[in-house]
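Undergrad: Predicted structure and sequence below. I'll ask about it afterward.
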Amino acid sequence: MIKQFFFAIGLLAFTFFSIATAESLYVHSAILEFYQDPGQSTQADSYHYFPDGLLVVQDGHVKKAGNYSTLKSDLPPNAKIVNYPNGLIIPGFIDTHIHYPQVDMIAADNGGQLLDWLNQYTFPFEKKMKDKQYSEDTAHFFIDELLRNGTTTANVFAAVYPQSIDALFTAAEQKHMRIITGLDMADRNVPAYLIQKPEVAIAQSEELIQKWHEKLGTRLIYSIEFRFAITTTPAFFKQIEALKQRYPTVHVHTHISESKAEVTLTKQLFHVKNYLDVYQHYNLLGPNTLLAHGIWLTTPELQEMSKTKTPVSFCPTSNLFLGSGLFNLAKVTSNQVTVGLGTDVGAGTSFSLLQTLNEAFKVLQLQQQHLTGLRGFYLATLGGARALNLEDKLGNFAPGKEADFVVLNSEGATPLLKRRLLYANTLEEKLFVLMMLGDDRTVMATYVNGKLVYQS
Ligand SMILES: [Zn+2]
C-alpha cells in the first residue's frame, strides 16, 4: 500500500515536472484526430473529437491531447496557453505524392494527356533544376507553400540533378520538417538531357543516401525514385534493385497505371501481363514503397499490393486535369490496400489537401461512391502517415508522436464559409463544408515539430 502511494506521488511529480519544462507548448482549441479509417470501421471508434480541447506538446512531441476541462488541472501555474477560440486542430496534412520541379509549370495546358504533357512542359522545367540557384529558390518556395497549405510532410519527386535533392533537403531541414525525396532516375524515353547512365545515377544516389537519409538530428528520409517503368531499362532496374537491397530502410517512390497509354506501353516494353509485375520482379514492393495513381490497377495487382503491404497515392486533381481516369477507392480499400492522398502538383492543380478532397469527392461521386467529411480528413492525415509507413511517428496525437499540426479556421475563412458554416450543425457537416470550400485561406497556423512555422 505504502509502496503504491509513493509510486503514485512519484508519478504525479514526474508528470508535473515533465509538463512544466521550458520546451512545453499548450494549445487550447477544438481537436480532431483519427485512429482508424472511418470508411472501414465503426465511426465512433475511428476518431477522437474534443470540442474544447488541449494539446500538450513537449520537446517537439505530443505529450497528450484531450478535453481542456480534464487536462487543465495538470497545467503548471504559469503555463502560457495559445488559444484558438475559432480553431480546429488536426494533425498536419500529409501529401503522399508531389513534384517540386513542377512548381513553375502547374496549370500548363497543352490539350493532351500524360505523355504529351510530360514532353511539352514537365521535362523542360525539370531541366531548369540543373541550375543550383534555381533549385534552391524553388525548394524554398515549395516548402513555404506546403506549410501555408497546412502540409507538414510530403513525399516529393525531385529532379535528375543531385543538387536538386540537396536544395530540398536543406530547405526542409531549416524548418525541421519530415520530407521524403531522392534523385529522380531515368535512362530511356525521356529527352536526352534527362537521360542518366545507370551506374552514375546509382553512385549519386548512394552518395545522397549517405549524406541525407535519416541524418542525425533531422527528420529527412531518402527515397529511390524512378519516374515509371517506361523510363527505366531492365538493366537499370537490376541496379535499382541492388541499391534497395543495400539500403533497406530507404523508401521507393514511383508511378503506376496512371494512364491507359502508359499501361499499354509498359506491357509492350517488359512483356508482362500486368504493370505491377515489373516492380514485383525487381523486388521493389513493400510498405516503404509508394506507388502514385494506380487508376488502372487490376484485382490481381491490388491483391499483390495488399500481400506486400504496398500503398498507393490517390491524386484526384491531377487525374482529372490530365484526364487520366477515376481512382476506384472502394475497389482499392476492399482489397486492403493502404491509400494516402497526393496533390501531384504540377499535374495536380492545388497544393491544398482540402481542395484535393473536394475533387476526390467528385471523382468518387462519378462512380457512385461516397466520401464523407470524416473519411476525407482521415485520408489527409493518418491515411497519409500509413501510406508513407510513418504511422509510428505521425498522423494523430497519440503520446510520443511528432507534433506536426495545423489549426484550421472552423468558423469560416471566407465570407461564404462564414455564412455556410452557420448552418453546419454536426462535426461531420462542418468537415464536409471545410473540405469542399476550404483551401489555403482556411489554414490559420501550421506547427512543425512543436514550433510555429506559418501563421495567416
Ligand atoms: Zn506524379
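TA: Thanks, I have it.
Undergrad: CA atoms for contacts and neighbours, from now on please.
TA: OK.
Undergrad: Show me what counts as buried in the strand or helix carrying Ala139.
TA: Assigning secondary structure by DSSP states H and E places Ala139 in helix 132-148. Across helix 132-148, burial judged by 16 or more other Cα atoms under 10 Å covers 132, 135-136, 138-140, 142-148.
Undergrad: residues making contact with that helix?
TA: Residues outside helix 132-148 that contact it (Cα atoms under 8 Å, 6 or more residues apart in numbering) are 100-101, 103, 128-129, 152, 163-164, 167-168, 171-172, 351, 440, 443, 446, 453-456.
Undergrad: okay but Ala380 is in contact with Phe93, surely?
TA: Yes - between Ala380 and Phe93 there is a contact at 5.5 Å, judged by Cα atoms under 8 Å.
Undergrad: Could you tell me which of the contacts of helix 132-148 are located in strands?
TA: Thr152, Val443, Thr446, Val453, Tyr454, Gln455 (DSSP state E).
Undergrad: can I get the residues you listed in CSV with neighbour count, distance to Lys215 and pLDDT?
TA: CSV is the format used below for the ones in strands among the contacts of helix 132-148 (neighbours: other Cα atoms under 10 Å; distance: Cα to Cα, whole Å; pLDDT from 0 to 100):
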residue, neighbour count, distance to Lys215, pLDDT
Thr152, 29, 18, 98
Val443, 26, 30, 98
Thr446, 29, 24, 98
Val453, 18, 21, 98
Tyr454, 18, 25, 98
Gln455, 13, 28, 98
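Undergrad: Please render these as JSON lines that adds distance to Thr254 to the earlier fields.
TA: Written out in JSON lines, the entries for these read as follows (distance: Cα to Cα, whole Å):
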{"residue": "Thr152", "distance to Thr254": "21"}
{"residue": "Val443", "distance to Thr254": "29"}
{"residue": "Thr446", "distance to Thr254": "28"}
{"residue": "Val453", "distance to Thr254": "29"}
{"residue": "Tyr454", "distance to Thr254": "30"}
{"residue": "Gln455", "distance to Thr254": "33"}
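Undergrad: Can you classify Met436 by secondary structure?
TA: helix (DSSP: H, G, I helix; E, B strand; the rest coil).
Undergrad: With adjacent residues omitted, what lies nearest to it?
TA: Using Cα to Cα, 6 or more residues apart in numbering and skipping the chain neighbours, the partner closest in space to Met436 is Asn358 (4.7 Å).
Undergrad: What about Arg420, how many residues nearby?
TA: Residues lying near Arg420 (other Cα atoms under 10 Å) number 16.
Undergrad: could you show me where the helices are in the stretch 351-456 of the chain, in order?
TA: 353-365, 373-378, 384-387, 415-421, 427-437 (DSSP state H, counting those that start in this stretch).
Undergrad: Out of the ones you listed, which one sits most buried?
TA: Ranked by mean neighbour count, the helices of the stretch 351-456 of the chain are led by helix 384-387 with a mean of 27 (mean count of other Cα atoms under 10 Å).
Undergrad: ok so, going back, now distance to Ser29 and mean pLDDT too, for the helices of the stretch 351-456 of the chain, in JSON lines please.
TA: Below are the helices of the stretch 351-456 of the chain laid out as JSON lines (distance: least, Cα to Cα, whole Å; pLDDT from 0 to 100):
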{"stretch": "helix 353-365", "distance to Ser29": "20", "mean pLDDT": "98"}
{"stretch": "helix 373-378", "distance to Ser29": "17", "mean pLDDT": "98"}
{"stretch": "helix 384-387", "distance to Ser29": "23", "mean pLDDT": "98"}
{"stretch": "helix 415-421", "distance to Ser29": "17", "mean pLDDT": "98"}
{"stretch": "helix 427-437", "distance to Ser29": "14", "mean pLDDT": "98"}
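Undergrad: Out of these, which gets nearest to Gln245?
TA: Nearest to Gln245, of all those, is helix 384-387, at 20.9 Å by Cα to Cα.
Undergrad: for that closest one, packing partners?
TA: Identification of packing neighbours for helix 384-387 by 3 or more Cα pairs under 8 Å, 6 or more residues apart in numbering; DSSP states H and E yields strand 93-99, strand 339-341.
Undergrad: Centre of the chain to it, how far?
TA: Relative to its chain's centre, helix 384-387 lies at 7 Å (Cα atoms, centre = their mean, to the nearest Å).
Undergrad: Include distance to Phe397 when you put the helices of the stretch 351-456 of the chain into TSV, please.
TA: Below are the helices of the stretch 351-456 of the chain laid out as TSV (distance: least, Cα to Cα, whole Å):
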stretch	distance to Phe397
helix 353-365	19
helix 373-378	13
helix 384-387	12
helix 415-421	26
helix 427-437	18
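Undergrad: Which among these is found nearest to Asn67?
TA: Asn67 lies closest to helix 427-437 among the helices of the stretch 351-456 of the chain, at 16.1 Å (Cα to Cα).
Undergrad: Ramachandran angles for the closest residue to Arg386 other than its chain neighbours?
TA: Nearest non-adjacent residue to Arg386, counting by Cα to Cα, 6+ apart: Thr338, 7.0 Å away. Main-chain dihedrals, Thr338, degrees, to the nearest 10: phi -70, psi 140.
Undergrad: how far away is Thr338 from Met444?
TA: Using Cα to Cα, to the nearest Å, Thr338 is found at 30 Å from Met444.
Undergrad: One more: Gln455?
TA: 6 Å.
Undergrad: same question, Gly383
TA: In terms of Cα to Cα, Gly383 sits 22 Å off from Met444.
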